[in-house]
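**Q** sequence plus predicted model, see below.
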Amino acid sequence: MSWPDTLQILEVRIGYVANDQQCYNVLHYYVNESGPAADSPLELAEDVVTKLSADGDTPGSLIHSMRLLMSTSVNITTIAAQGIWSPRFRSFTGEVAGFPGLLDAPCDAQNVAAVIQKYGEGGDRRNVGTIHLGGLGNIAYEDGEMTADSMLIMDQIGDAYLEGLTVPTSDPEEPITYSPAILNRTLVVVDGRNTWPITGYKEVVGTTSKKSLRVMRRRTKGYGI
């Protein structure tokens with residue numbers, strides 16, 4: 001059935017274990033094509049995971065660039081992809097092996113992250129987002145700020161993300177391209193409670209590496225994420 005024409009956002013979750021805790025680095029893309037009619041959304045999500053896994057040891061690729069800042073004590077164990085809006089589909093999760101961090105230093109705190117800002121053409125808050133990279137080796141930062149060498153690697157990560165993904169499918173003539181996106185949510189009050197459903201996206205046109213560390217919000221292992 002392919003991706004439906006209404007699908008806009010693909011979420012990629014890179015799962016890693018740091019200090020015996022399951023954590024995730026999360027990326028968002030928008031879908032440029034629907035793909036071959038014979039391929040289900042689950043198969044197309046699997047294609048994305050296969051592509052990212054195949055490039056994990058390739059210098060300059062997105063996963064390899066992330067690993068350059070991640071501690072050797074941290075292991076990437078899964079990569080998942082899921083169409084999340086609109087509508088939402090089942091997630092495909094692939095187990096990966098041989099993807100430890102490449103920075104020879106311990107991970108002292110799994111909840112601190114390097115931050116890469118992503119921005120769109122407009123000047124409002126819907127045109128700004130962030131990528132949080134956790135699992136950092138403790139020599140990647142000093143006194144709460146990323147080192148100069150780490151900032152260069154963050155620039156490399158931003159460049160790899162901006163390239164998007166060109167993913168082969170069952171039809172060699174119909175690869176799908178996924179471009180970087182800023183996920184937009186809108187406040188909706190349901191039964192007196194604030195909710196923030198996804199309501200759209202903005203295309204990313206550039207990234208900026210931020211010097212200050214951030215504390216990540218908790219992302220726990222489970223269903224429905």
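**A** Structure received.
**Q** so for stretch 190-207, what gets flagged as buried?
**A** 198, 200-202, 204, 207 (16 or more other CB atoms under 10 Å). C-beta here means a position set from N, CA and C on the backbone, and glycine is covered the same way.
**Q** make that stretch 96-108, sorry
**A** Using 16+ other CB under 10 Å as the test for burial, stretch 96-108 gives 96, 99-103, 107.
**Q** over to stretch 34-54?
**A** For stretch 34-54, using 16+ other CB under 10 Å, the buried residues are 34-36, 39, 41, 43-53.
**Q** can I get that stretch in PDB, CA atoms only?
**A** Written as PDB, here are the backbone C-alpha positions of stretch 34-54 (Å, rounded to 0.1, in the frame of the first residue of the first chain):
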ATOM      1  CA  SER A  34       4.900   7.500  -1.100                       C
ATOM      2  CA  GLY A  35       7.000   4.700  -2.500                       C
ATOM      3  CA  PRO A  36       6.200   1.500  -4.400                       C
ATOM      4  CA  ALA A  37       2.500   0.500  -4.100                       C
ATOM      5  CA  ALA A  38       3.500  -3.100  -3.300                       C
ATOM      6  CA  ASP A  39       5.500  -2.000  -0.100                       C
ATOM      7  CA  SER A  40       3.700  -1.700   3.200                       C
ATOM      8  CA  PRO A  41       4.500   1.200   5.600                       C
ATOM      9  CA  LEU A  42       6.200  -1.400   7.900                       C
ATOM     10  CA  GLU A  43       8.400  -2.500   5.000                       C
ATOM     11  CA  LEU A  44       9.300   1.100   4.100                       C
ATOM     12  CA  ALA A  45      10.200   1.700   7.700                       C
ATOM     13  CA  GLU A  46      12.400  -1.400   7.600                       C
ATOM     14  CA  ASP A  47      14.200   0.000   4.500                       C
ATOM     15  CA  VAL A  48      15.100   3.200   6.500                       C
ATOM     16  CA  VAL A  49      16.500   1.100   9.300                       C
ATOM     17  CA  THR A  50      18.500  -1.000   6.900                       C
ATOM     18  CA  LYS A  51      19.900   2.100   5.200                       C
ATOM     19  CA  LEU A  52      21.000   3.700   8.500                       C
ATOM     20  CA  SER A  53      22.500   0.500   9.800                       C
ATOM     21  CA  ALA A  54      24.400  -0.200   6.600                       C
END
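**Q** any idea how far that stretch is from the chain center?
**A** 16 Å (CA atoms, centre = their mean, to the nearest Å).
**Q** and for stretch 146-158?
**A** A distance of 17 Å separates the centroid of the chain from that of stretch 146-158, by CA atoms, centre = their mean.
**Q** quick check: mean pLDDT of it?
**A** For stretch 146-158, mean pLDDT rounds to 98.
**Q** what do you get for stretch 194-201?
**A** Per-residue scores along stretch 194-201 average to 89.
**Q** now do that stretch: everything it contacts.
**A** The contact list for stretch 194-201 (CB atoms under 8 Å, 6 or more residues apart in numbering) reads 8-9, 28, 30, 84-86, 126, 181-189.
**Q** buried by neighbour count, from these: which ones?
**A** 8-9, 28, 30, 84-85, 126, 181-184.
**Q** may I ask which two of these are separated the most?
**A** Spanning the widest gap among the buried ones among the contacts of stretch 194-201 are Ile84 and Arg126, at 17.2 Å by CB to CB.
**Q** I'd like the buried ones among the contacts of stretch 194-201 written out as JSON lines, with pLDDT added.
**A** Below are these laid out as JSON lines (pLDDT from 0 to 100):
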{"residue": "Gln8", "pLDDT": "88"}
{"residue": "Ile9", "pLDDT": "95"}
{"residue": "His28", "pLDDT": "97"}
{"residue": "Tyr30", "pLDDT": "94"}
{"residue": "Ile84", "pLDDT": "95"}
{"residue": "Trp85", "pLDDT": "93"}
{"residue": "Arg126", "pLDDT": "87"}
{"residue": "Ala181", "pLDDT": "96"}
{"residue": "Ile182", "pLDDT": "96"}
{"residue": "Leu183", "pLDDT": "92"}
{"residue": "Asn184", "pLDDT": "92"}
